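K.L.:
need coordinates for the below:
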Amino acid sequence: MSTVPSKKITKANARPVERSGAEAYMQQVSEALKCLPFDVVDQVVDALWNAYCEDRAVFLFGNGGSAALASHCACDLGKGTIMNGHRRFRVLALTDNVPLMTAWANDASYATSLPSNSGDSSARTTWCLPSAPAATRPMF
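P.N.:
Have a look, this model is predicted:
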């Protein structure tokens, strides 16, 4: 059995292209970047930098696809910040430990299975960053 499609692409069934696919994609990315709330991005960068300087741990979490984004971000921050002998960023995606997360959800509730900012400024692990869109609605 061949994996090559039997139907050849002709002008009749080829996608219409005003620009190359790559060029059109880069134009869309450029337009999307112009719409970013740069003041909010700066606030997140400042909060992350302060957490790093104060040797605080940052906990990331999300729901569904946002859990994957939190995991990816934790990996990038944890590995990508080790440069020139500087220390690692203390970061953990809470949703990477499914057994622990579901144990808390089972014993307490899903609504309280992930931490929130405790307000205790003396603690070294008080900062949480939900991954969008989880940041805008309850987790469960």
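
K.L.:
how far away is the closest residue to F61 other than its chain neighbours from A57?
P.N.:
Leaving aside its sequence neighbours, F61 sits nearest to L94 (C-beta to C-beta, 6 or more residues apart in numbering; 4.4 Å). Bear in mind the C-beta positions are built from the backbone N, C-alpha and C, glycine included. Distance, L94 to A57, by C-beta to C-beta, to the nearest Å: 11 Å.

K.L.:
then Q27?
P.N.:
With the distance defined as C-beta to C-beta, Q27 ends up 40 Å from A57.

K.L.:
okay, those two: which has more neighbours?
P.N.:
A57 (15 against 11; other C-beta atoms under 10 Å).

K.L.:
what is the burial count for the spatially closest residue to T81 that is not a sequence neighbour?
P.N.:
Nearest residue to T81, sequence neighbours excluded (C-beta to C-beta, 6+ apart): F89, at 4.2 Å. F89 is flanked by 20 other residues according to other C-beta under 10 Å.

K.L.:
remind me which residues of this structure are low pLDDT?
P.N.:
Residues of the chain meeting the criterion pLDDT under 70: 1-19, 112-140.

K.L.:
all helices for it, in order.
P.N.:
Secondary structure of the chain by DSSP state H: the helices cover 21-34, 38-53, 65-80, 98-107.

K.L.:
tell me which of those helices sits most buried.
P.N.:
Comparing the helices of the chain by mean neighbour count (mean count of other C-beta atoms under 10 Å), helix 65-80 ranks first with a mean of 16.
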